[in-house]
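J.: quick check, what structure comes out for this input:
(one chain, ligands or ions: 1)
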Amino acid sequence: MTLKLGVNIDHIATLRQARRAPYPDPVDAAAVCLSTGADYIVVHLRKDERHINEKDVARLCKTFPGKIHLECSYTPELEKAALKYKPFSVCIVPEEPGEVTTTGGLKFTPKVQKRLMEMIDALHKKKILVSLFVSPAAADIRTAAKLGADIVELCTRDYSEATTAKASRKLLQDLALSTLLAKELGLEVHAGHGLDYHNVLAVADIGGMACMNIGFSIITRSVFAGLPAAVSEMKGLL
Ligand code: PXP
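T.: Reported below is the predicted structural model:
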């Protein structure tokens, strides 16, 4: 099985919002990414719509059916948007006030689990695949399976920020063991957050991974290399 690449294009919209201009258009960026190696387009609809907005999600889902992987938190408003625009899949992520980017996997308190079960059920009724963004920890993988997720996306943030070889090895081992467990439980496995052209290789080598969701490193590389080259170089590494 070849490893799939989901390119997160949030920061194309960040650039647009810096001037509140009509361009660069995420729909144009998605077309370039899909024609140069991306298997999916990933966008994160945040409560404050600081980059991707609801209109972008509507246009992307309409233009690229079967290709849009929407990340959002579990608020009723964001659930409503996901159900309305019907992306191919939804990754439910935590969203903390004031965060610069997602800080980690979901925290499965009883209240959050109850809410996730409702949202997963509603998404499944619309035939939307559901992914849960989780820490690479056995208890969280088991909870994701119990809640009825189709996919787990393993958070690679700690791995990507590791400062010693020893810490990096340990975090890679956690990712490998989590992948094994998730596969045993019948879940598809994705990984993402903080992956770049150097640290992606070790994660891509973990057997059983299905997809890498990568944004910041590709979009920033594209400033110098161009978007087609940045996407095809990353796809070439997987
Ligand atoms: N996966 C998830 C669940 C995320 O929240 C993000 C960031 O929006 C990414 C992947 C992509 O992370 P990065 O932009 O660091 O590659």
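J.: Val57 touches Lys86, doesn't it?
T.: No. Assessed by Cβ atoms under 8 Å, Val57 is found out of contact with Lys86, at 10.0 Å. For the C-beta atoms, the positions are set from N, CA and C on the backbone; glycine is no exception.
J.: of those two, who's got more company?
T.: Per other Cβ atoms under 10 Å, whichever of Val57 and Lys86 has more neighbours is Val57, with 23 against 16.
J.: distance of that one from the ligand?
T.: 14 Å (Cβ to the nearest ligand atom, to the nearest Å).
J.: what do you get for Ile219?
T.: For Ile219 relative to the ligand (Cβ to the nearest ligand atom), the value is 8 Å.
J.: show me what the host helix or strand of that residue is packed against.
T.: Per DSSP states H and E: Ile219 is located in helix 216-225. Helix 216-225 sits against strand 4-8, helix 10-19, helix 227-237, with contacts defined as 3 or more Cβ pairs under 8 Å, 6 or more residues apart in numbering; DSSP states H and E.
J.: what's in contact with that helix?
T.: 7-12, 101, 194-197, 227, 229-231, 233-234 (Cβ atoms under 8 Å, 6 or more residues apart in numbering).
J.: mind giving me the PyMOL command for buried ones among the residues you listed?
T.: A single PyMOL command is used to select the members of the contacts of helix 216-225 judged buried by 16 or more other Cβ atoms under 10 Å:
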select buried, resi 7+8+9+10+11+12+194+195+227+230+231+234
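J.: mind checking how far the residue of the chain most remote from its centre is from Gln173?
T.: Distance from the C-alpha centroid of the chain, by Cα atoms, centre = their mean, peaks at Lys166 (26.5 Å). Lys166 sits 11 Å away from Gln173, taking Cβ to Cβ, to the nearest Å as the criterion.
J.: specify the beta-bridge partners of the most centrally placed residue in the chain.
T.: Nearest to the mean C-alpha position of the chain, counting by Cα atoms, centre = their mean, stands Asn213 at 4.9 Å. Following DSSP bridges, Asn213 is listed with bridge partners Gly6, Gly192.
J.: residues in contact with it?
T.: 6, 8, 40, 42, 69, 91, 153, 190-193.
J.: most widely separated two among these?
T.: Greatest spacing in the contacts of Asn213, by Cβ to Cβ: Tyr40 and His193 (15.7 Å).
J.: returning to what we had before: in the helix holding Ile219, what's buried?
T.: Result for helix 216-225 [16+ other Cβ under 10 Å]: buried residues 216-219, 221-222.
J.: for stretch 57-72, same thing?
T.: For stretch 57-72, burial by neighbour count (16+ other Cβ under 10 Å) applies to 57, 59-61, 64, 67-72.
J.: in helices only, show me the residues you listed.
T.: The members of the buried residues of stretch 57-72 that map onto helices under DSSP state H are 57, 59-61.
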